[in-house]
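[1] Okay, sequence plus prediction incoming.
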Amino acid sequence: MFQKKSFVKSAWRSLRGGFMAVAFFSMILNLLVLAAPLYMLQVYDRVLTSQNMDTLIALSILLGGVFIVSGMLDLVRMRILSRLGARFELKVGAPILQSAMRKRVQGKGAGDNPAADMTGLRDFISGPTLTAFFDAPWIPLHIGVLFLLHPYLGALGLGGAIFLTIMALVNNARASDVMQDAARARARSDALFTTSEQNAELVQAMGMTGDLARRWTALQHQAHELKARVSDRIASFSVISKTTRMALQSGMLGLGAALAITGQATAGVMIAGTIVLARALAPIDQLIGQWRTFLAARGSYKTLRALSEAYPEPAKRLAMPRPQISLNATIAQAGPPLAQNATIGGIDFVLSAGDVVAVIGHSGSGKSTLAKMLAGIWVPQRGAIRLDGTPMAKWDTEELGQLIGYLPQDVQLFDGTIRDNIARFSTTIDDSKVLEAAIAADVHGLISSLPDGYATEIGNGYHLSGGQRQRIALARALYNDPFVLVLDEPNSDLDAQGELALRNAIRGASARGAITFVMTHRPSTLEAVNKVLTLNKGAQTGFGDKEDILRPRQQTSVARAANLRLAEGQAAPASKKGANQ
């Protein structure tokens, strides 16, 4: 059962108090901004006619105070928005990462970049675009002031504001879809770039460098074409908007002058009307300049919200006691989440605490799929894996993870210290357990020989060999004495000493009551197991004690060798006879 509530929507709503404060400051700022045209009105209509220097000084001091207060309020508003952007990113960051990982586990994460979406939304909240939205509701105030100055001036300002607003809506409708297509195309090219860079050795070894570079260039070309279409549409609107604003301001000045000549208004009204119109159109001007940022932010919000709703946090399950007795696997049908057909089935076995099982089969027989099922990564489509009678699917994922030790074929260590990696980046690290896991994996000596020991930073320029990484990952799998230990080809990069350490680690885990699965091709690992499970084309073909399963296989191998020798012996005389003839 999953929680349907979108935490992205909730995080956005949690900013409501901050947005209300920004809206309040925006109201004060839009009222204070009227001080400049009122100052001009008084200067032209009263000071110049009265020639009163004291009045001019008093008005100038008052206006200077207004500017200081406005600057301070604008600074406070910008700081609030900056903190709101950071708060939003911190609030949704961890849940989005978890949702992205859940999506990746289901094989649906290619091409996505939620981190960039979060960054874009944070910049939108903290940037100038949002302030324009808070200033936009006060456009009617400035239009109303124009009407107070003269109805003709108000009508001109209202018509210009309506025209620019309609143009903005039309531009949004024309550019929004193309903007999203461009973002998706860019995400695909970024994903290919990252994947190629991360697998540079494979790419070079397989001679794929040029082909991948050409494919990336083609994806980039597609993204740039779409981006150019967006830019052209926004640029066209910007030119029209800029031309319209210049025409409106010039028209306002000309209309004010005509009214002044005919005696319907004063020269101060002419100047004040032009200033008020410029202020009325300023939010529209800012929105037009930042329209691409707005479209990108809206797309990012939709993407993050869809991700949070499609892959929500699982509901908290009832805490289960730590299993200590058995593991029962009954899998009628299972496979990767996106697979159209099941890749394994007919799996049925029961194990007790301390059992060590070697899973044997040819490549493609389903060993890695079974490993992911046993590690709780994937869930069988039909059937279940039970720990002390409770299906794994009923466990809380975090609690289940504490019971599982998993060593995949492709070993990955994370950015952080070796201590952090072994302890699985636990919030509270028990150093004694880290040391126990390292000793159990026989990697304590290796780690101690490093310049910074357990504090050595992984991913910070320090290079570890494949075997070293595999043994540290084995220590990570052994951390906190897991009940189920799943080792998928754990000796692929190990030398003879590493294999001996692996067998000792398996025996140690068995002595502590762990149930261990070893997916392997190497006979040397079989020394540490007591059970064998054989797979062929995804189906279980045998399960039982090692001696019972391997003896027929060995006998078959011996019989094959004997028949081969017999055939060679029968062929030799015939060949000799032919030679004599």
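    Alright, I've got the coordinates.
[2] so what's Glu309 closest to, chain neighbours aside?
    Nearest residue to Glu309, sequence neighbours excluded (C-beta to C-beta, 6 or more residues apart in numbering): Ser6, at 4.9 Å. All C-beta atoms are positioned from the backbone trio N, CA, C, and that covers glycine.
[3] Could you do Ala334 as well?
    Using C-beta to C-beta, 6+ apart, the nearest residue to Ala334 is Pro380, at 4.0 Å.
[4] ok, back up a step: let me know how buried the residue nearest to Glu309 is, in neighbour terms.
    Neighbour count for Ser6, taken as other C-beta atoms under 10 Å: 20.
[5] what does Asp431 give?
    So Asp431, with other C-beta under 10 Å, has 10 neighbours.
[6] Just list the residues touching Gly299, thanks.
    By C-beta atoms under 8 Å, 6 or more residues apart in numbering, the contact set of Gly299 is 179-180, 183.
[7] which secondary structure element contains it?
    Applying DSSP states H and E as the criterion places Gly299 in helix 291-310.
[8] mind listing what's buried in that helix?
    291, 293-301, 303-305, 307-309 (16 or more other C-beta atoms under 10 Å).
[9] Stretch 541-554 too?
    543, 546, 549-550.
[10] swap in stretch 386-405?
    With burial defined by 16+ other C-beta under 10 Å, the residues of stretch 386-405 counted as buried are 386-387, 390, 392, 395, 400, 402-405.
[11] Let me know whether Ser126 touches Ile80 as I believe.
    No. Contact criterion C-beta atoms under 8 Å: Ser126 and Ile80 do not qualify, at 9.7 Å.
[12] Neighbour count for these two, which is higher?
    Ranked by neighbour count (other C-beta under 10 Å), Ser126 and Ile80 place Ser126 first, with 20 against 17.
[13] and the more buried one, what pLDDT?
    At Ser126, the model reports a pLDDT of 88.
[14] Then Lys103?
    81.
[15] re the thing from before, so which of the buried residues of stretch 541-554 is the closest to Leu219?
    Phe543 (47.6 Å; C-beta to C-beta).
[16] does that closest one have beta-bridge partners, and which?
    Leu533 (DSSP bridges).
[17] what's near enough to touch it?
    Counting by C-beta under 8 Å, 6+ apart, Phe543 has contacts 348-349, 531-534, 549.
[18] From these, list just the buried residues.
    Here, 16+ other C-beta under 10 Å leaves 349, 531-534, 549 buried among the contacts of Phe543.
[19] Would you format the residues you listed as a markdown table with pLDDT and distance to Lys227 included?
    Listed next are the buried ones among the contacts of Phe543 as a markdown table, based on pLDDT from 0 to 100; distance: C-beta to C-beta, whole Å:
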| residue | pLDDT | distance to Lys227 |
| --- | --- | --- |
| Phe349 | 93 | 56 |
| Lys531 | 91 | 58 |
| Val532 | 92 | 58 |
| Leu533 | 92 | 53 |
| Thr534 | 91 | 55 |
| Ile549 | 84 | 61 |
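[20] hey, which helix or strand in the chain has the poorest pLDDT?
    Lowest by mean pLDDT, DSSP states H and E among the helices and strands of the chain is helix 546-580, with a mean of 52.
[21] what residues go with each domain of this structure?
    Listed by automatic domain parsing, the domain ranges of the chain are 7-310, 326-560.
[22] so which of these comes closest to Arg317?
    It's domain 326-560; of these, that one is closest to Arg317 (C-beta to C-beta) at 4.2 Å.
[23] gap between that closest one and the chain center?
    27 Å (C-alpha atoms, centre = their mean, to the nearest Å).
[24] okay, how far is it across stretch 519-533, tip to tip?
    10 Å (C-alpha to C-alpha, to the nearest Å).
[25] Now do the buried residues in it.
    So, applying 16+ other C-beta under 10 Å, buried residues of stretch 519-533: 519-520, 525-526, 528-533.
[26] ok so the residue nearest to Ala334 is a strand residue?
    No. Checked against DSSP: H, G, I helix; E, B strand; the rest coil, Pro380 lies outside a strand; its state is coil.
[27] That one and Gln333 touch, don't they?
    Yes. Using C-beta under 8 Å, Pro380 makes contact with Gln333 at a distance of 6.9 Å.
[28] which one of these two has more residues nearby?
    Taking neighbours as other C-beta under 10 Å, Pro380 and Gln333 compare with Pro380 leading, 23 against 16.
[29] Against Arg386, how distant is the more buried one?
    Here Pro380 is placed at a distance of 11 Å from Arg386 (C-beta to C-beta, to the nearest Å).
[30] do the same with Thr541
    With distances taken as C-beta to C-beta, Thr541 is found 22 Å from Arg386.
[31] cool, Ala182 as well?
    Ala182 is 49 Å from Arg386, where distance means C-beta to C-beta.
[32] now swap in Tyr406 and tell me
    According to C-beta to C-beta, Tyr406 stands 18 Å off from Arg386.
[33] what do you get for Val8?
    Taken as C-beta to C-beta, the span from Val8 to Arg386 is 36 Å.
[34] ditto for Leu413
    For Leu413, the distance to Arg386 equals 32 Å [C-beta to C-beta].
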